[in-house]
Every structure is written in C-alpha cells, then in structure tokens.
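J.: below are the sequence and a predicted model for it; my questions follow.
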Amino acid sequence: MRILVLSDSHGMPSRILDAVEAHPEAEALIFLGDGERDLDTVESYYHSLPNVIKVAGNCDFSSDLPLLRVVTLGGKKIYCTHGHAEHVKYGTDELLLRARREGADIVLYGHTHTGVTCYDDGLYIMNPGSIRDGHYGMIDIVPGGIMLNEAKL
C-alpha cells in the first residue's frame, strides 16, 4: 500500500495537485494541516483522489477538522497530527510519547517545514516537509515492513 503524505501548502493548492498527479498508485492521502482550504479546492476539482485523511494545522483558522487522527492503513496504526499542539518546533519528545501511548506504528507530523524520516525504538517517524516548497513524503507498507520516502516535485 502506498500512502502520499502532504503538509503545509499555505495557499498553493496546485502543489497538492502536482503531488497527487505524480502518484496515481497512491491508495491514501494524508494531509497534515496548514492548507485545509487548498485541499478542499483540489478535492472539488479532482474527483479521483484516493482515501483522504486530514487534520487541522495552526494556520487552518476556524477549522472543524481534528488536531489529531489515529488511523489504521495497511494493518499499521498511524498517528497523524500537524504538530503544533505537541510543540514539535522545540523537539519531538512529547509527540513520540503521545504516539506511543496510542500504540502507533507510524507517527506523521508537519509544522516545521523540515523533512524528517527516521526510526526510533519501534516507531517510524515522518515529517514530509512543506508541499508549498515542493517537499512531500510517501509511505509504502509492504509484507516485509514499512518504508518511508522523502520526495520533491
């Protein structure tokens, strides 16, 4: 299963569309906030988007979206957040603690606009960076495990 991971479009819906069109094989799209209206614009014009999971960011003013979602895709539990509520600009300790409490296999966050892919004691960690700057991520869940990949438009 391939999952497209995007965050922080900040007024550039065309960047979301570019990433989606570059990966028609993606079975799900996770959007980690700061561009809810951008994603809404893309969804209104592009009707063949994969399964879309989204959370609110600190710049998604008046959003009804949750700040956190924990979903299961490909048999793996994924903790999805923008990261501002977990104070990720000052470190990821709080984020990782919360994800572990939820029993997550994968933790995804945005907010810092800096790409991260790493593994820490049973937890796969990804920040896709800012799609506004052309950065995004892909997760492949395969029988042999989980692969995190950073990508650029």
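T.: Sure, I can see it.
J.: what's near enough to touch Ala56?
T.: Going by C-beta atoms under 8 Å, 6 or more residues apart in numbering, Ala56 touches Gly33, Glu36, Ser63, Leu65, Pro66, Leu67, His82. In short, each C-beta sits where N, CA and C put it, glycine included.
J.: so which of those sit within helices?
T.: Among those, DSSP state H puts Glu36 in helices.
J.: with respect to Leu49, which of the contacts of Ala56 is nearest?
T.: Glu36 (14.4 Å; C-beta to C-beta).
J.: one step back: using JSON lines, please lay out the contacts of Ala56 together with distance to Val107, neighbour count and pLDDT.
T.: Shown next, in JSON lines, are those (distance: C-beta to C-beta, whole Å; neighbours: other C-beta atoms under 10 Å; pLDDT from 0 to 100):
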{"residue": "Gly33", "distance to Val107": "14", "neighbour count": "28", "pLDDT": "97"}
{"residue": "Glu36", "distance to Val107": "21", "neighbour count": "21", "pLDDT": "95"}
{"residue": "Ser63", "distance to Val107": "21", "neighbour count": "16", "pLDDT": "95"}
{"residue": "Leu65", "distance to Val107": "18", "neighbour count": "16", "pLDDT": "97"}
{"residue": "Pro66", "distance to Val107": "16", "neighbour count": "12", "pLDDT": "98"}
{"residue": "Leu67", "distance to Val107": "14", "neighbour count": "18", "pLDDT": "97"}
{"residue": "His82", "distance to Val107": "12", "neighbour count": "27", "pLDDT": "98"}
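J.: helices of the chain, start to end?
T.: According to DSSP H, the helices that the chain contains are 13-22, 36-45, 93-101.
J.: average pLDDT across the first one?
T.: The average of the pLDDT scores along helix 13-22 is 95.
J.: then the last one?
T.: Per-region confidence: helix 93-101 scores 98 on mean pLDDT.
J.: low-scoring stretches of this structure, by residue?
T.: Low-confidence segments of the chain (pLDDT under 70): none present.
J.: what number of residues lie near Glu43?
T.: 16 (other C-beta atoms under 10 Å).
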